[in-house]
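Student: need a 3D model of the following:
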Amino acid sequence: MSQVQTGNQVHDAAVKASYGVLQVAVSASGVTQATVNAAYLAHYRTCLASAIANGCGTEPFRTALNTIGVKA
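Tutor: I've put the predicted structure just below:
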């Protein structure tokens, strides 16, 4: 994933922090596919919530959620 840079520092920081949590979750030893799926779901939901709260574009996060089968 490329780094998100919207110019909104609060949102950019939230996305960066969430992505860090995602990376830790998916690179853990013995990680299962269910864990990976849950980590991505949590990440995209966090990003979407931040985008809404901070008045940023939501489409990339809605699309990502839709791609993994979650209606956003």
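Student: so where do the helices sit in this structure?
Tutor: Remark: helices assigned in the chain by DSSP state H are 9-27, 33-53, 59-67.
Student: tabulate those (a markdown table), appending distance to Q3, mean neighbour count and mean pLDDT.
Tutor: Just so you know, the C-beta spots here come from the backbone N, C-alpha and C atoms, and that holds for glycine as well. What follows is those, written out as a markdown table (distance: least, CB to CB, whole Å; neighbours: other CB atoms under 10 Å; pLDDT from 0 to 100):
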| stretch | distance to Q3 | mean neighbour count | mean pLDDT |
| --- | --- | --- | --- |
| helix 9-27 | 7 | 15 | 96 |
| helix 33-53 | 12 | 16 | 96 |
| helix 59-67 | 13 | 15 | 95 |
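Student: quick check: phi and psi on the residue lying farthest from the centre of the chain?
Tutor: Distance to the chain centre peaks in the chain at G30, reaching 21.8 Å (criterion: CA atoms, centre = their mean). Taking degrees, to the nearest 10, you get phi 70, psi 20 for the backbone angles of G30.
Student: please report how far it lies from T58.
Tutor: Taking CB to CB, to the nearest Å as the measure, G30 falls 34 Å from T58.
Student: contact partners for the nearest residue to G57 once chain neighbours are set aside?
Tutor: Nearest residue to G57, sequence neighbours excluded (CB to CB, 6 or more residues apart in numbering): A51, at 6.4 Å. For A51, the contact set (CB atoms under 8 Å, 6 or more residues apart in numbering) comprises H11, G57, T58, F61.
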